[in-house]
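Engineer: A predicted structure for the sequence below; I have some questions about it.
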There are 2 protein chains.
Amino acid sequence: MKALIVDDDRTLADLLAFTLRRSGFEPYLAYDAPSAMNLFNQVPVEVIVLDINIPGAPGLKDGFDVCRNIRKISEVPIILLTVRDDEEDILRGLDFGADDYVQKPFSPRQLVARIKAVLRRSDSARIQNLAPYAHDDVMFDPNLREFMRDGHEPVSLTKLEARLLDYLMLNMGQVLPTEMVIDHVWGPGGGNSEMLRQLVRRLRKKIELTPDDPVLIHNRPGVGYGFAIK
Amino acid sequence: MKALIVDDDRTLADLLAFTLRRSGFEPYLAYDAPSAMNLFNQVPVEVIVLDINIPGAPGLKDGFDVCRNIRKISEVPIILLTVRDDEEDILRGLDFGADDYVQKPFSPRQLVARIKAVLRRSDSARIQNLAPYAHDDVMFDPNLREFMRDGHEPVSLTKLEARLLDYLMLNMGQVLPTEMVIDHVWGPGGGNSEMLRQLVRRLRKKIELTPDDPVLIHNRPGVGYGFAIK
DNA sequence: TTTCATAGTGACAAGGTTGTGACAAATTAG
DNA sequence: CTAATTTGTCACAACCTTGTCACTATGAAA
């Protein structure tokens, strides 16, 4: 899967390229707005990671312009990298057709998760190479959306349930802030905490042995949700 | 929360001071580069609003120099005021370690929003990236908001408790003035000493072995609170 | 010692968060 | 097109968090 990475911080861009390649992507790099457009016109990439603050040229001065121009001619998913947590920047980016945003600083792993979430949300593309997760006596195959526990029948999950479980298991052992989980499942601004609570409830009912006393999906009040490990 | 405002336009500086004071800040004013450095060395400000075009002196000729000099010795957030929307000015400023910039003309309200965003960012960036604290037989993980003591069950802290403990442990061994602690926990103008007393009480109850005779969080009457070491 | 500001304690209430059940709307499958 | 499934919304309860009040204890200065 070809991915276009646009960032003028070459160290960061290289790091992202390395991580994406390890995750099965084929990264292409650009360091400024014009060469980003150039590369996009030559290579049929399937996802774009785009820093907002990149050097530009007259008529194409930053990442916003790149985003807007690409959106004119393509539906390819775009993930913005924003430096400040300025609502305005984010809203502007989403207005210009971006699919998601990630705030610096972020871990490459987070970005990969985000990319996968975007790809999964956009019905056009689909990730084929997702490896099944395993933990203790349970297993989850995101492709089949099938959850299995040793000695039990497999359980099939819904789209949203699978998205949630995928995100939680990808970050196994961590507690993920509620807001982040919501963004990953429903996309930025697409969900709310009520919806997440219901989804968690329904997922627990399917995969926990004792839904009343959940072991796999636990909550840390005031923070968020995590998969296993305390 | 002490803020340093540096601008040679006294009318504007006064307006900013007024607005910031109304937003809970305690503004200090300087009208040129040398007096800005002077004031900075005397007052422990927690954020700086710095015009680029200010009168200077040999070796300290404008706002850029002030920015660079302050950055050599402090991590305090700096917000630049630029007159033109000259990319070069902005990039140069960010290179010199500024955290954000605002282009004149701007509304005071916008500036306050920007300041708060920068403060939030520097806070959360630190909390997300810093390893857990350790001291003697206790440990605190700000990510999970979890406090642990050897041989005891982990205790989960609330948002405010975690913010307080984070601040105290970050400055371990020092006594932090009450006002500063309040500002860091509740933000500028958001808290009072009564609330801090309650918070300290609740935190002590959770993490001290003998809350009646606190060892970790101690008070110096008339000054403030400190973590460990006397 | 007296006085006053600062610091600690207990209790209460408003508001927020999480989990739950029921139901309606939307989507999907046959 | 209809029926089943999935998803979103509402209402409610249990619990936790947080600000506030009233009161007591402490310590420094007059």
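Structural biologist: Cool, got the structure.
Engineer: for chain A, what are the low-confidence residue spans?
Structural biologist: Along chain A, the model assigns pLDDT under 70 to residues A:83-88, A:91, A:105, A:107, A:109, A:120-131, A:230.
Engineer: I'd like to know which residues of it are adjacent to DNA strand D.
Structural biologist: For chain A, the residues in contact with DNA strand D (Cβ under 7 Å from any atom of the strand) are A:156, A:158-161, A:186, A:191-192, A:194-195, A:198-199, A:202, A:221-222. Where you see a C-beta, it was placed from the backbone N, CA and C, and this is true even at glycine.
Engineer: Among these, give me the pair with the biggest separation.
Structural biologist: Checked with Cβ to Cβ, the residues of chain A next to DNA strand D reach their widest spread between A:Ser156 and A:Gly222, with 32.9 Å between them.
Engineer: Quick check: buried residues in stretch A:60-70?
Structural biologist: Going by neighbour count (16 or more other Cβ atoms under 10 Å in any protein chain shown), the buried part of stretch A:60-70 is A:Leu60, A:Asp62, A:Gly63, A:Phe64, A:Asp65, A:Val66, A:Cys67, A:Arg68, A:Asn69, A:Ile70.
Engineer: residues in contact with stretch A:149-167?
Structural biologist: Stretch A:149-167 has contacts (Cβ atoms under 8 Å, 6 or more residues apart in numbering or on different chains) with A:113, A:116-117, A:120, A:130, A:133, A:137-140, A:142, A:144-148, A:176, A:181, A:184-186, A:199-200, A:202-203, A:206-207, A:209, A:227.
Engineer: Now, those that are in strands?
Structural biologist: Applying DSSP state E to those, the entries found in strands are A:Tyr133, A:Val138, A:Met139, A:Phe140, A:Glu146, A:Phe147, A:Met148, A:Leu176, A:Phe227.
Engineer: Relative to DNA strand C, how far out is A:Arg22?
Structural biologist: Taking Cβ to the nearest atom of the strand, to the nearest Å as the measure, A:Arg22 falls 32 Å from DNA strand C.
Engineer: residues contacting the spatially most central residue of chain A?
Structural biologist: For chain A, A:Arg114 is the residue whose C-alpha lies nearest the centre (Cα atoms, centre = their mean; 1.2 Å). Applying Cβ under 8 Å, 6+ apart, we find A:Arg114 in contact with A:Ile79, A:Asp100, A:Val102, A:His184.
Engineer: How about A:Asp62?
Structural biologist: So A:Asp62 contacts A:Ala33, A:Ile52, A:Asn53, A:Ile54, A:Gly56 (Cβ under 8 Å, 6+ apart).
Engineer: can we see that at 6 Å?
Structural biologist: A:Gly56 (Cβ atoms under 6 Å, 6 or more residues apart in numbering or on different chains).
Engineer: DNA strand D versus that one, what's the distance?
Structural biologist: Going from A:Asp62 to DNA strand D by Cβ to the nearest atom of the strand gives 33 Å.
Engineer: Return the distance of that residue relative to DNA strand C.
Structural biologist: A:Asp62 is 34 Å from DNA strand C, by Cβ to the nearest atom of the strand.
Engineer: With A:Pro211 instead?
Structural biologist: Counting by Cβ to the nearest atom of the strand, the gap from A:Pro211 to DNA strand C is 6 Å.
Engineer: Quick check: that residue touching A:Lys205?
Structural biologist: Yes - using Cβ atoms under 6 Å, A:Pro211 makes contact with A:Lys205 at a distance of 4.9 Å.
Engineer: overlap in contacts of these two?
Structural biologist: Overlap of the contact sets of A:Pro211 and A:Lys205 (by Cβ under 6 Å, 6+ apart) is empty.
Engineer: any chance you could map the strands in chain A?
Structural biologist: Using DSSP E, strands in chain A cover A:2-6, A:26-30, A:47-51, A:78-82, A:100-103, A:133-135, A:138-141, A:146-149, A:155-156, A:175-177, A:217-220, A:224-227.
Engineer: Skipping its backbone neighbours, what lies nearest the residue in chain A that DNA strand C sits nearest to in space?
Structural biologist: Residue of chain A nearest DNA strand C, by Cβ to the nearest atom of the strand: A:Asn219 (3.5 Å). Take A:Asn219 and drop its neighbours on the chain: the residue closest to it by Cβ to Cβ, 6 or more residues apart in numbering or on different chains is A:Tyr225, 5.5 Å away.
Engineer: And A:Val175, by the same measure?
Structural biologist: Per Cβ to Cβ, 6+ apart, closest to A:Val175 is A:Gly226, 4.1 Å.
Engineer: so who does that neighbour touch?
Structural biologist: Going by Cβ under 6 Å, 6+ apart, the list of residues near A:Gly226 reads A:Gln174, A:Val175, A:His218.
Engineer: again, but for A:Val175
Structural biologist: A:Arg220, A:Val223, A:Gly224, A:Gly226, B:Leu144.
Engineer: Top of those residues by number of neighbours, please.
Structural biologist: Per-residue neighbour counts (other Cβ atoms under 10 Å in any protein chain shown) across the contacts of A:Val175 peak at A:Gly226, which has 21 neighbours.
Engineer: what's the burial count for the residue nearest to A:Gly97 when sequence neighbours are not counted?
Structural biologist: Leaving aside its sequence neighbours, A:Gly97 sits nearest to A:Arg71 (Cβ to Cβ, 6+ apart; 3.5 Å). When neighbours are counted by other Cβ under 10 Å, A:Arg71 registers 15.
Engineer: mind checking how far A:Arg71 is from A:Asp95?
Structural biologist: Note on A:Arg71: its distance to A:Asp95, by Cβ to Cβ, to the nearest Å, is 10 Å.
Engineer: tell me the domain ranges of chain A?
Structural biologist: Chain A is divided into the following domains under automatic domain parsing: A:2-121, A:133-227.
Engineer: Could you export these as JSON lines, including distance to B:Tyr28?
Structural biologist: JSON lines is the format used below for the domains of chain A (distance: least, Cβ to Cβ, whole Å):
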{"stretch": "domain A:2-121", "distance to B:Tyr28": "25"}
{"stretch": "domain A:133-227", "distance to B:Tyr28": "35"}
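Engineer: winner for burial among these?
Structural biologist: domain A:2-121 (a mean of 18; mean count of other Cβ atoms under 10 Å in any protein chain shown).
Engineer: how far is it from where the chain is centred?
Structural biologist: Distance, stretch centre to chain centre, for domain A:2-121: 13 Å (Cα atoms, centre = their mean, to the nearest Å).
Engineer: With stretch A:191-204 instead?
Structural biologist: Remark: stretch A:191-204 is offset 18 Å from the chain centroid, using Cα atoms, centre = their mean.
Engineer: Dump it to CSV, restricted to CA.
Structural biologist: Written as CSV, here are the backbone C-alpha positions of stretch A:191-204 (Å, rounded to 0.1, in the frame of the first residue of the first chain):
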residue,chain,number,x,y,z
GLY,A,191,-18.9,10.2,18.1
ASN,A,192,-19.5,10.9,21.8
SER,A,193,-18.9,9.4,25.1
GLU,A,194,-22.5,8.0,25.3
MET,A,195,-21.9,6.0,22.1
LEU,A,196,-18.6,4.7,23.3
ARG,A,197,-20.2,3.5,26.6
GLN,A,198,-22.8,1.6,24.6
LEU,A,199,-20.2,0.1,22.3
VAL,A,200,-18.0,-1.0,25.2
ARG,A,201,-21.0,-2.5,26.9
ARG,A,202,-22.0,-4.5,23.8
LEU,A,203,-18.4,-5.6,23.1
ARG,A,204,-18.0,-6.7,26.7
